[in-house]
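# Attaching a predicted model along with its sequence, questions to come.
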Amino acid sequence: MILQGKRVALPAAPVVHHQFEANARATPDAVAVVRAGQQVTYAELDARANRFAHYLVARGHGRGAKVGVCLDYSVDLLVAILGTLKAGAAYVPFDPAYPAERLQLLLGQVPGLALIVASPATAPMVASASVDVVDLEQLSGRLAALPEDSPGVAVTGDDVCYAVFTSGSTGTPKLTAVRHEGWFNLMNWLKLEYGLHSGSHNLVVSAFGFDLSQRALMTPLFCGATQYLLASRNFDAMMAYRILTDHDIRVVHCASSTLYVLVDWETARGGDALTRLDYVLFGGEALKAERLTEWARREGNTCTLLHQYGVAECTDVATSYDLAAYRPGEHDIAPVGRPAYNTDIHLLDEHLRGVGPGEDGEICIAGAGVGAGYLGAAGPENAKFTTVEVDGAPVRLYRTGDRGRVNAAGELVVAGRMDAQVKVRGMRIDPTDIERALGRLDVVKEAAVAVTYTDAGETELTAFTVPAGDAPTEDDLRTRLLAVLPRNMVPARFVNVPHIPLSPHGKVDRAALVESLKRGL
Amino acid sequence: MISDSVRAIWCRELQRDDIALDDDFFALGGQSVIMVKIQGAFLEELGAEVPMDQMFLNPTVAAVSAYIESLGVPAP
């Protein structure tokens, strides 16, 4: 079973920053970025990014280099990203809301990291003996002396534009690389298919480390529109809602959980800022339609909800579905729709042969968005990028591990996982990664982490710990983990157990632990 | 006292009644979605606009109450 996306020709060199540069030439005085009342035009942003690109090239960090960016949402963050791309390099986002220990672990995973752009507020967290950390503010004197035109580094659609961390199953986060062609194709599809234009102003509401944030950051600049940034390190519903109310924002990209929070905020206070949007593009977990139904039916609601599916390994979004067509009674699961331009979805069995119509198979993604693979130590996991023969021709695709089928209307439905990969509030989580962090605590001898459900049916993480001495309290364990892991990886519950059960194959028997919890042991 | 009102809001949203003035929100098992509800309650019930970054910097009843007092919000 194959779902084919529309074929739409791309430029000979589909390079993301070329589109931004074309916009800067066409509308130099248009506002590119707004943050806390500060505005920067396309011409200014382009000139600042060019200077930083010259700086990188002069330091030998040109084509093929990797530049870390650990900044709060700011004009400098966009200068760093665009400057990196213009130098022919790829950027790696580091979320400044993460604990320093986590950031250090992540930056150690980037092979050949050239340099990290930070600010006085973030630099101490990424300080490293092996990598230079620079602050654009401190460099401003030097940058001012550099040319404000493009360094003209030749880049192709096959060059890597960014790489983001994603959870694996081995206990270590993986760095997955995206190519210019894929990112260009994604934004070109959103622009043409949904009619995004220079008035499609955007507000970023997601954390910088996620793949969806890269799209949220670049799409308005790709379309010639204005990007609004929150002057906040953490997602701030009050601040976001005020900006949506006070400015002519048309588009928001977010995780499902963030959309529910914004809808609840609006519903509780009776505003209409969300209903006035053109689009919310969201996804990442199975739709909870009941969280949106009442809001969606509000009179005068002109906001189109695009329910999307994709993976970081294949440039973030692979399919999209307009929820206006969704009838909860008729569909068991909300579809995620049809493929992006130049993107095909293959549903394959375990022998990598296509399944029949309506049958479940592994969702595999082929086409422009297929990324450059995992970088560095995650090499063996690159086997998930493979080539199959379809009608006698080789097709490169990525096996997502998600299970899906095509419904009668020809739309993709995501039905679950082929393996035990875990998602909590839409975020991929690797329990082994958390178990390792717990194992490093001196109060814990052994630990296992499993997914459990709240009374309300929400997924959450429960940690089962074997104490190394006196049993630590739940609050104590949580505090210790918060110092070393991102908040969304810290389990909601901690349970002391006498030992960790193993399955007959010698693996941690998480199911038995969850069962013991149900029995109230 | 503002801290009494703040503590009552925390107890309600975290669904526990054993919260001390210097207990850490996240150590109590608080999640960011609960923090958004507390932010909304501060706005509606105390008339106080507390940015999320301030909630993270002041993660105890005592600290966030002091922050709200510094805004000059009259006690309810």
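Alright, I've got the coordinates. Numbers count the residues shown, from 1 in each chain, chains lettered A, B, ... in the order given.
# Now the residue of chain B found nearest chain A. Nearest residue, chain neighbours left out?
Residue nearest to chain A within chain B: B:M52 (3.7 Å; C-beta to the nearest C-beta). Using the backbone N, CA and C atoms, a C-beta is placed for each residue, glycine as well. Taking C-beta to C-beta, 6 or more residues apart in numbering or on different chains, and ignoring the residues beside it in sequence, B:M52 has A:D236 as its nearest neighbour in space, at 3.7 Å.
# Contact distance from chain A - what residues of chain B qualify?
Contact residues, chain B versus chain A (C-beta under 8 Å from any C-beta of the partner chain): B:23-24, B:26-29, B:31-33, B:36, B:39-40, B:43, B:49, B:51-53, B:55-56.
# Give me the secondary structure label for A:A80.
Secondary structure assignment for A:A80 (DSSP: H, G, I helix; E, B strand; the rest coil): helix.
# ok, and the closest non-adjacent residue to the spatially most central residue of chain B?
Relative to the mean C-alpha position of chain B, the nearest C-alpha, by C-alpha atoms, centre = their mean, is the one of B:V6, at 4.9 Å. Once its chain neighbours are removed from consideration, B:V6 has its nearest residue in B:S65; the separation is 4.7 Å (C-beta to C-beta, 6+ apart).
# Just the CA trace of the host helix or strand of the one you found, in PDB.
For B:S65, the host element (DSSP states H and E) is helix B:61-70. Once non-C-alpha atoms are left out, helix B:61-70 reads as follows in PDB (Å, rounded to 0.1, in the frame of the first residue of the first chain):
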ATOM      1  CA  VAL B  61       4.900  29.200  47.900                       C
ATOM      2  CA  ALA B  62       7.200  31.500  49.900                       C
ATOM      3  CA  ALA B  63       9.200  32.700  46.800                       C
ATOM      4  CA  VAL B  64       6.300  33.200  44.400                       C
ATOM      5  CA  SER B  65       4.300  35.000  47.200                       C
ATOM      6  CA  ALA B  66       7.200  37.400  47.700                       C
ATOM      7  CA  TYR B  67       7.300  37.900  43.900                       C
ATOM      8  CA  ILE B  68       3.600  38.700  43.800                       C
ATOM      9  CA  GLU B  69       4.000  41.100  46.800                       C
ATOM     10  CA  SER B  70       6.800  42.800  44.900                       C
END
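# What is the burial count for the residue nearest to A:R142 when sequence neighbours are not counted?
Leaving aside its chain neighbours, A:R142 sits nearest to A:Y55 (6.9 Å; criterion: C-beta to C-beta, 6+ apart). As a burial measure, A:Y55 scores 21 neighbours (other C-beta atoms under 10 Å in any protein chain shown).
# Let me see the contact set for A:Y55.
Under the criterion of C-beta atoms under 8 Å, 6 or more residues apart in numbering or on different chains, the neighbours of A:Y55 are A:G83, A:L139, A:R142, A:L143, A:L146.
# Which members of those residues are the farthest-apart pair?
Largest separation among the contacts of A:Y55 by C-beta to C-beta: A:G83 and A:R142, giving 13.2 Å.
# And those two? Which one has more around it.
The residue with more neighbours, out of A:G83 and A:R142, is A:G83; 29 against 12, by other C-beta under 10 Å.
# element containing the more buried one, please.
helix A:75-86.
# And the residue of chain A that's closest to chain B?
When C-beta to the nearest C-beta is the measure, chain A has its nearest residue to chain B at A:D236, with 3.7 Å between them.
# Just confirm that residue contacts B:V50, I think it does.
No. With contact defined as C-beta atoms under 8 Å, A:D236 does not reach B:V50; the gap is 9.7 Å.
# contacting residues around stretch B:41-52?
The list of residues contacting stretch B:41-52 from outside it, by C-beta under 8 Å, 6+ apart, reads A:232, A:234-239, B:2, B:5-6, B:9, B:12-13, B:35-36, B:39, B:64, B:67-68, B:71, B:73-74, B:76.
# what separates it from the chain centre, distance-wise?
For stretch B:41-52, the distance from its own C-alpha centre to the chain's C-alpha centre is 9 Å (C-alpha atoms, centre = their mean, to the nearest Å).
# where do the strands sit along the stretch 1-150 of chain A?
Assigned by DSSP state E, counting those that start in this stretch, the strands in the stretch 1-150 of chain A fall at A:2-4, A:31-35, A:38-41, A:66-70, A:90-93, A:113-118, A:132-135.
# Quickly list what's touching both of A:D236 and B:V50.
Common contacts of A:D236 and B:V50, defined by C-beta under 8 Å, 6+ apart, comprise B:Q39.
# Just list the residues touching the residue nearest to B:M52, thanks.
Residues in contact with A:D236, defined by C-beta under 8 Å, 6+ apart, are A:L230, B:Q39, B:P51, B:M52, B:D53.
# Please work out how many residues are found near the first one.
As a burial measure, A:L230 scores 21 neighbours (other C-beta under 10 Å).
# so it sits right up against A:A207, yeah?
No. Assessed by C-beta under 8 Å, A:L230 is found out of contact with A:A207, at 10.7 Å.
# Check which helices and strands the helix or strand that contains A:E362 is in contact with.
Take DSSP H and E as the rule and A:E362 turns out to sit in strand A:361-367. When contacts are defined as 3 or more C-beta pairs under 8 Å, 6 or more residues apart in numbering or on different chains; DSSP states H and E, strand A:361-367 sits against strand A:343-348, strand A:393-406.
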